[in-house]
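Q: sequence first, then the predicted structure:
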Amino acid sequence: MTYLFSDAGLDALRSFVDSTTLLAFDLDGTLAPIVADPSRMLVSNAIQEELAKLMEQTTVAVITGRGRTNAQAHLGMTPHFLIGNHGAEGLPGRKAYESEYLILANNWERQLRGMLACANGDGIVIENKGATVSVHYRASCDRAATRSHVLSVIELLSPPPRTISGKCVEDLVPATAPNKGDALQYLMKHLGYHKGFYIGDDKTDEDVFKLTGQQLFTVRVGIVGPSQAGYTLRSQQEVHKLLRDIAFLYLHHKSKR
């Protein structure tokens with residue numbers, strides 16, 4: 001990966017961003033820093049202001065693992081598109097699928113509460129996010145053992161979900177639901193955008209980073225292990241500067257017309 005604020009990275013960004021570019025962002029760890037208590041995560045006023053400026057120039061989407069209602073409460077602003085549950089919720093024209101996902105999630109929650117009833121003391125928390133279900137074990141005294149137990153229970157679920165492993169959490173997603181990469185591709189096609197810009201910070205964002213065969217500009221926040229993103233930022237603290245630079249590029253393009 002190339003550091004985005006290097007000369008080569010900035011030259012590439014200037015050449016890429018224009019009126020045919022859809023801008024898409026992950027939420028936790030990207031637009032806002034990771035916090036110990038996810039319920040206390042907030043997007044700063046400075047970030048909100050830059051996003052609002054960008055929304056005046058092009059389409060802005062946020063694609064997050066959170067449910068849409070939860071994400072909206074923490075964003076502090078409303079992007080053109082808010083896609084939740086890793087891509088399963090909020091895509092235009094897919095309401096019927098979301099209804100199916102809701103039924104699956106409710107079914108999995110019932111099964112999990114029955115099978116994990118005796119494990120409440122292990123710090124396990126089951127969260128129904130609407131289209132998906134998350135099983136948290138951050139509060140467990142023995143996280144490795146608890147994760148192993150949770151995974152063994154997930155294997156018994158019917159119908160089997162697609163599992164996304166996160167930091168002390170297992171997300172259960174309908175097998176046919178879009179991932180973040182699918183969601184970005186769908187939005188670009190639906191809206192008629194030829195290019196897409198995406199920035200994220202964890203392995204669920206690799207579903208975007210690994211896409212090939214179309215024009216994408218991808219940025220990984222933080223240098224932690226291998227990634228298929230084209231560019232990287234050193235930390236979430238650099239995201240505000242990036243948004244400001246992109247907003248400036250749009251204004252520059254506008255002044256040249």
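A: Looks like it arrived, so ask away. Worth saying up front: this structure is predicted, and the values here are computed from it rather than measured. Residues are numbered from 1 along each chain as shown.

Q: in this protein, where is pLDDT below threshold?
A: The model of the chain has pLDDT under 70 over residues 119-121, 214, 254-257.

Q: ok, and the closest non-adjacent residue to residue 104?
A: Nearest non-adjacent residue to residue 104, counting by Cβ to Cβ, 6 or more residues apart in numbering: residue 174, 5.1 Å away. The C-beta positions use only the backbone N, C-alpha and C, and glycine is treated the same way.

Q: and that neighbour, how far from residue 129?
A: Shown here: residue 174 relative to residue 129, a distance of 12 Å by Cβ to Cβ, to the nearest Å.

Q: overlap of the contact sets of these two?
A: Common contact partners of residue 174 and residue 129 (Cβ atoms under 8 Å, 6 or more residues apart in numbering): residue 105.

Q: which SSE is immediately downstream of the longest helix anywhere in the chain?
A: Assignment by DSSP state H gives helix 95-115 as the longest helix of the chain. Next along the chain after helix 95-115, taking DSSP states H and E as the criterion, comes strand 125-128.

Q: neighbouring contacts of that next one?
A: Residues contacting strand 125-128 (Cβ under 8 Å, 6+ apart): 105, 106, 109, 112, 113, 116, 133, 134, 135, 136, 137, 139.

Q: buried residues in that strand?
A: Applying a neighbour-count criterion of 16 or more other Cβ atoms under 10 Å, one finds 126, 128 buried in strand 125-128.

Q: following the chain onward from it, which element is next?
A: As assigned by DSSP H and E, the chain's next helix or strand after strand 125-128 is strand 133-136.

Q: mind listing what that following strand pairs with, with the direction of each?
A: Strand 133-136 has the following strand partners under DSSP bridges: strand 125-128 (antiparallel), strand 169-173 (antiparallel).

Q: returning to what we had before: can you list contacts of the longest helix of the chain?
A: Helix 95-115 has contacts (Cβ under 8 Å, 6+ apart) with 85, 88-89, 126, 128-133, 135, 153, 156-159, 161, 172, 174, 176-177.

Q: buried residues in that helix, which are they?
A: Those buried within helix 95-115 under the rule 16+ other Cβ under 10 Å are 97, 98, 101, 102, 104, 105, 108, 109, 111, 112, 115.

Q: now it, how far from the centre of its chain.
A: Distance, stretch centre to chain centre, for helix 95-115: 21 Å (Cα atoms, centre = their mean, to the nearest Å).

Q: same check on stretch 38-57?
A: With Cα atoms, centre = their mean, you get 15 Å for stretch 38-57.

Q: ranges for the strands of the stretch 1-150 of the chain?
A: With strands called from DSSP state E, counting those that start in this stretch, the stretch 1-150 of the chain shows them at 2-3, 21-25, 60-63, 81-83, 125-128, 133-136.

Q: dump those to JSON lines, plus distance to residue 236.
A: Putting the strands of the stretch 1-150 of the chain into JSON lines (distance: least, Cβ to Cβ, whole Å) gives the following:
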{"stretch": "strand 2-3", "distance to residue 236": "15"}
{"stretch": "strand 21-25", "distance to residue 236": "12"}
{"stretch": "strand 60-63", "distance to residue 236": "15"}
{"stretch": "strand 81-83", "distance to residue 236": "20"}
{"stretch": "strand 125-128", "distance to residue 236": "23"}
{"stretch": "strand 133-136", "distance to residue 236": "22"}
